[in-house]
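>>> got a predicted model here, sequence first, then my questions.
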Amino acid sequence: MIEESTGPTSSEAQMMTAVSSTATSSPVRLSAASSHRSKGRRIVGDDRAELASLLRQRYESGVSIRDLAYQTGRSYGFVHRVLEESGAAMRGRGGDTRRGR
């Protein structure tokens, strides 16, 4: 008989909320303030300010917007918008921007 998982255990949920203070190559799942947030749920007020501060700190330490989106379970656009709202200095696009023609 195969047992189906209903979601993370308490200890797994705590590990997913851990935040590394430095950029890492392997993503860390972020949940800024509390575990009651779910994907697609509106984040406003103090929760949004706390998330913005956390995202800005991680972004300014070198983590990409795409990685932050994955780590938070939010869209690229949401993370980009929150970073702009927080006043983060946005980096330019990566890769070779010149065309050798």
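Sure thing, it's come through.
>>> so in this structure, which helix runs the longest?
Scanning the chain for the longest helix, with DSSP state H as the assignment, gives helix 45-60.
>>> relative to S75, how far out is R66?
From R66 across to S75, the span is 10 Å (CB to CB, to the nearest Å). All C-beta spots, glycine's among them, are computed from the backbone N, C-alpha and C.
>>> so is the nearest residue to S64 once chain neighbours are set aside in a helix, a strand, or just coil?
Once flanking residues are discounted, S64 sits nearest to G94: 7.9 Å by CB to CB, 6 or more residues apart in numbering. Here G94 is coil, with the state taken from DSSP: H, G, I helix; E, B strand; the rest coil.
>>> ok, G94 - how many residues close by?
Around G94 there are 7 other residues, counting by other CB atoms under 10 Å.
>>> and for Y59?
23.
>>> and for Y76?
Going by other CB under 10 Å, the residues that sit close to Y76 add up to 13.
>>> ok, Q71 next?
Neighbour count of Q71, defined by other CB under 10 Å: 20.
>>> for it, give me the pLDDT.
On the pLDDT scale, Q71 is placed at 95.
>>> residue numbering should commence at 19 henceforth.
Okay, using 19 as the starting number, the last item reads as Q89.
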